[in-house]
Structures are given as structure tokens and as C-alpha cells.
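Visitor: fold the following.
(one chain, ligands or ions: 2)
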Amino acid sequence: MPKVTIDGHTIEVPEGTTILNAARMIGGDIVPPAMCYYSKLATSGGYCRTCIVQVTKGSEKDPRPMPKPVASCRTTVMDGMEVKNITSPELLEARKGVVEFLLINHPLDCPICDQAGECHLQDLSYEHGLNKSRYDFKRREFEKIDIGDKIKLHMTRCILCYRCVKVAEQICPGRVHGVMNRGDVAEISTYIKNSVDNEWSGNMIDVCPVGALTDKTFRFKSRVWFTKPMDAHRKCETCSGKAVLWLSGDEVLRVTGRKDKYGELEDWICNTCRFEKKNKSDWTMEGPRHIDRHSVISQNHYESLKQLKIDVSKQKKIAEKAHQS
Ligand code: SF4
Ligand code: FES
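Guide: Ligands and ions are numbered 1, 2, ... in the order given. Below is the predicted model:
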């Protein structure tokens, strides 16, 4: 088993493990951010460069450092490798550059974007970004389009991470969308505005790290931090039926899959569960959803609040006694 040291933490990992996954095995702040890699989607990663790290020692056999930062999601660990992430100021500076590039064309429309509060780019720019743009040229602009009756595509917000394309390729039957063109004219599109219409297409919304693909049944209904996420399940013949209901009072505003601390879905869910089951009575409620990401949505959720168990007969006796006296 090759041994790797990341920011001073050493771990032995199975052959073929990437630096990013080795860092995830260690956990904590040393885990590089990942905007395009998705552990459940084969061949994802290598597009966004947010996960770059500095390899200060290549391996025990060849200890030369790698000359430039490498994408940790695509670089496999070698025995004796030493890696720096948050302990390297130069690397953090380089990541700042990557974030600046990602934001070149991305509109700063968080106040009106449905993804605000759970947008990985928003978190990333908060942690690593500059507080102003140095870009003077015109940004790319696109019309918003409907790809199917449930999904809205705001291409202006897309960072071309390819996650939705991988979902279409690997999860959905019959892919009808992908990346058209190359370079600064590359865009996500369907073939002549075809509709993305199959039982698994909603998962594209969940994997999109920004607000480029949004749920038309939820758009502009609420800010996500005003909603209450609850774990719930139902008997479904197509998917696991394990979801998160985002509630406002008793109203189910949206249904999503359950995401782990890296923002990745634990299970794909089908469109019937996602879009058609919007009544609380359709679901068996489990309890408040634990939100792992340090996002604003994890604020004000009293998931460990213990409800007082009230013994009604005891309460009645106390009230009677008080009344008599
Ligand atoms: S639409 Fe979203 S998931 Fe698809 S490539 Fe763009 S940013 Fe990635
Ligand atoms: S997460 Fe590694 S390049 Fe995007």
C-alpha cells in the first residue's frame, strides 16, 4: 500500500487512489475543493482545476518535486509522495487564480440565484476569491432555456464542469445534451433545444455545483436557508426513495437527493420522487437532515434539539392542584 503525506498527515492507501481521495480519507481542512470531480461518476474530474495541490516529493523512488501544481482528482498517489495543500501559500495563491478564472464569465447574481446558499462556487469564491473582478471585457451571455419541463438552464452560470453530461451518459437512458463547441464559445446545450426528459434527469440539477441547472418547480419559491430540510423516504419502485424534503411549514417546496459532506449525492433519485411527490403524506418523515457543508444552510437547524416529553396526566393533576389552591 503506497504511503502519502498530505500537509503533514501520513496515510496508507490502496494502489491507484488519487491524492484527492487520500485527502478525503484523512478528512478535515486539508481536503482540496472539487468542482468537477464526483466520486459516483466515472471519468469525472480534470476540468476545473480547483483541486490543485503541490507535490513537493514525487515518490520514494524519484523524490523530485513536480514542477507545477497538479489536479489532485486525477493524480494517483505514489509511495513516499509528499503533498502540500493548505500549508503552501503559493498553492493557495494559485487556487485563487483558478477561482478568478472560473468567475470571469460567471455572473455575480447570487442574490437572485436559486443555488445561493448551496453553491460550491459561492463558497469557493468566499474562501479563495478576490473581492473584485479584474476582468474588463464583456462576459459571455446566453438566453435562459428550458431543457424539458422541469429543468431551467442558465448557461451564463455554467462553469463547464461536465458533471451533468456524465449523469446523462451514465445514469440517464439516451443522452440528448452535452458540451457544444470548444474554448470560450463552449456551451452546454441539447441538440436543437431538444428536451431532457427521462426519469433520472433531475439528478443533473443536484450534481450541478452552481446555479446553471435549476429545478423549475422550486425556482424563486424561497431562499434555501429559510427552508427546513428533513430526511424522508417512500416506497419507490424506480429508486431508493430516500430523499430530503425542503419544507416551509408543512409545504414541501422541493425534493432533492441526500448529499454527503462533499456535496455529492448518496443515492440517485427518480423524477417521480423529485417532482411528483410534493405532499408530506407521500413520505415517511425520518427527522431533520444533517447539513455537513459549512454553508449558510447549515445555520439555524436545531437537529439535535430534544423535544420535551410531556406526561399529559401529570400536567392535568398539576393544573387541577393549582386551580384548587
Ligand atoms: S450545467 Fe452545471 S453541471 Fe452542467 S456543466 Fe454546467 S456547471 Fe456543470
Ligand atoms: S475537481 Fe479536480 S479538476 Fe475539477
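Visitor: quick one: the closest residue to ligand 1 within the stretch 1-150 of the chain and ligand 2, what's the gap?
Guide: Distances between the stretch 1-150 of the chain and ligand 1 by C-beta to the nearest ligand atom are smallest at Cys36, namely 7.2 Å. All C-beta atoms are positioned from the backbone trio N, CA, C, and that covers glycine. For Cys36, the distance to ligand 2 (C-beta to the nearest ligand atom, to the nearest Å) stands at 3 Å.
Visitor: run a quick neighbour tally on that residue.
Guide: Cys36 has 23 neighbours, counted by other C-beta atoms under 10 Å.
Visitor: looks like it contacts Arg163 (just checking).
Guide: Yes - the criterion here is C-beta atoms under 8 Å, and Cys36 meets it with Arg163 at 6.3 Å.
Visitor: please enumerate the shared neighbours of these two.
Guide: Counting by C-beta atoms under 8 Å, 6 or more residues apart in numbering, the residues touching both Cys36 and Arg163 are 44, 209.
Visitor: could I get the contacting residues of the residue of the stretch 1-150 of the chain closest to ligand 1?
Guide: Residues in contact with Cys36 (C-beta under 8 Å, 6+ apart) are 44-48, 50, 73, 159, 161-163, 209.
Visitor: equivalent analysis for Ser39, please.
Guide: Neighbour list for Ser39: 21, 262, 264 [criterion: C-beta under 8 Å, 6+ apart].
Visitor: so where do the strands sit in the chain?
Guide: With DSSP state E as the criterion, the chain has strands at 3-6, 9-12, 52-57, 70-71, 81-84, 145-146, 151-153, 177-180, 187-190, 213-215, 228-233, 242-248, 251-256, 284-288.
Visitor: out of those, which comes closest to ligand 2?
Guide: Among the strands of the chain, the nearest to ligand 2 by C-beta to the nearest ligand atom is strand 70-71 (4.2 Å).
Visitor: and that closest one, does that touch ligand 2?
Guide: Yes - using C-beta under 6 Å from any ligand atom, we find that strand 70-71 touches ligand 2 at Ala71.
Visitor: partners of that strand in the sheet?
Guide: Here strand 70-71 is paired, per DSSP bridges, with strand 52-57 (antiparallel).
Visitor: can the strand it pairs with be found next to ligand 2?
Guide: No - judged by C-beta under 6 Å from any ligand atom, strand 52-57 and ligand 2 are separated, with a smallest distance of 7.6 Å.
Visitor: quick one: mean pLDDT over that strand.
Guide: The average of the pLDDT scores along strand 52-57 is 98.
Visitor: what does stretch 239-249 give?
Guide: For stretch 239-249, mean pLDDT rounds to 95.
Visitor: what residues sit buried inside it?
Guide: Within stretch 239-249, the residues that qualify as buried are 239-247, counting by 16 or more other C-beta atoms under 10 Å.
Visitor: tell me the gap between it and the middle of its chain.
Guide: Distance of stretch 239-249 from the chain centroid (C-alpha atoms, centre = their mean, to the nearest Å) equals 17 Å.
Visitor: got the residue ranges for the helices in the stretch 201-325 of the chain?
Guide: Along the stretch 201-325 of the chain, counting by DSSP state H, counting those that start in this stretch, helices occupy 203-207, 271, 312-324.
Visitor: return the most buried member of those.
Guide: helix 203-207 (a mean of 25; mean count of other C-beta atoms under 10 Å).
Visitor: check whether it contacts ligand 2.
Guide: No - contact between helix 203-207 and ligand 2 is absent, the nearest approach being 12.6 Å (criterion: C-beta under 6 Å from any ligand atom).
Visitor: for that helix, which outside residues touch it?
Guide: 38, 41, 151, 163-164, 166-168, 171-172, 196, 213-215, 256-257, 259, 264-265, 268-269.
Visitor: could I get that helix in CSV with only the CA atoms?
Guide: Extracted in CSV, the C-alpha atoms of helix 203-207 (Å, rounded to 0.1, in the frame of the first residue of the first chain):
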residue,chain,number,x,y,z
ASN,A,203,-30.1,14.3,-10.8
MET,A,204,-28.4,16.8,-13.2
ILE,A,205,-29.8,19.6,-11.0
ASP,A,206,-28.3,18.0,-7.9
VAL,A,207,-24.8,17.5,-9.4
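Visitor: no more questions from me, cheers.
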